[in-house]
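**Student:** Any chance you could fold what I've pasted below:
(one chain, ligands or ions: 1)
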Amino acid sequence: MIRDPTAGISNSGRRMKPTRREMLLASLGLFITGAAGATGCTQTSTTLTRRPGTPWPGSISKPTPNPPGSRAYTAPRPVQPRPPVAATTGPPGLRPRSWWTRTGPIRSKVNPMKGINRITVHHEGHTPVWFTDEQSTKARLEQVRNIHTRDRRWGDIGYHYIIDRAGRVIEGRPLAYQGAHVSKQNPHNVGVMLLGNFEKQSPSQAQLTAMQSTIRHLMAKYRVPVKRVYTHRELGPTVCPGRNLQPRVASLRTNGALA
Ligand SMILES: [Zn+2]
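**Tutor:** Residues are numbered from 1 along each chain as shown. Predicted structure coming up:
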């Protein structure tokens, strides 16, 4: 039995009518959650690496530059413009993180990814999701990020990519960092999460199409073989990604769709 840490998350009123207290808490950005570690999709943990703190301003003495005209003066080099980031750097149609949040990861609580060699598919696993509008997706991602950072004290939302019911592919935790989505198996592992609870509903066709193109992109870019594409339940004791998504991932691996 997995406890639902997002009890109280609104679902655009389709399935759950929040109580006045929940609405009040939601307006304050507060959500009642289960105990730390009791999660919707995950039984995850993340390891932390202590990093040196940022030095106080002034604690580092900078050499005084030589003024123009002195013997050691050299003209500053012109700043080279950075090439634009190609659209092919992410899965097709990727919405960058800035699409839904201006808050970055807590750098002291995330570890560098240092290479990718597998992919794991999840569902969100909380209340079913039927909305398809952008604002509801953005709000939901912010709620998930809050739960992961505030209640579980992780450095950021746990997943690298999130796919909403409309099939939008959205950047979560930057790929430069390990995710927090499979207990003890986060190194080198890309977390792809589909919004919804696929124990209780089925993924939309748009989600399945986007999931396939996202996995294909990641496999090609990082040379991940199909045998290294997992679902969460294949790596740990959980129902994630749900009985209605698990067979869809399994068939993707065998029907040539990822070849
Ligand atoms: Zn999961």
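**Student:** residue boundaries of the strands in the protein?
**Tutor:** Using DSSP state E, the strands of the chain run over 118-123, 161-163, 169-171, 189-194, 229-231.
**Student:** I would like the residues contacting the third one, please.
**Tutor:** Right, the one you point to is strand 169-171. 90-97, 99-100, 137, 141, 160-164, 210, 213-214 (C-beta atoms under 8 Å, 6 or more residues apart in numbering). (Glycine included, C-beta is placed from N, CA and C.)
**Student:** Show the average pLDDT along the longest helix along the chain.
**Tutor:** With secondary structure taken from DSSP state H, the chain has its longest helix at helix 205-222. Mean pLDDT, computed over helix 205-222, is 97.
**Student:** returning to that earlier point: can you flag the buried ones in the contacts of strand 169-171?
**Tutor:** Among the contacts of strand 169-171, those scoring as buried are 90-91, 94-95, 97, 100, 137, 141, 160-164, 210, 213-214 (criterion: 16 or more other C-beta atoms under 10 Å).
**Student:** so which of those are also by the ion?
**Tutor:** Among these, not one lies near the ion by C-beta under 5 Å from the ion.
**Student:** need the strands of the chain in CSV with mean pLDDT, can you?
**Tutor:** Listed next are the strands of the chain as CSV, based on pLDDT from 0 to 100:
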stretch, mean pLDDT
strand 118-123, 98
strand 161-163, 98
strand 169-171, 98
strand 189-194, 98
strand 229-231, 98
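**Student:** Save these as a markdown table, and put in distance to Asn244 too.
**Tutor:** A markdown table is the format used below for these (distance: least, C-beta to C-beta, whole Å):
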| stretch | distance to Asn244 |
| --- | --- |
| strand 118-123 | 9 |
| strand 161-163 | 15 |
| strand 169-171 | 20 |
| strand 189-194 | 10 |
| strand 229-231 | 12 |
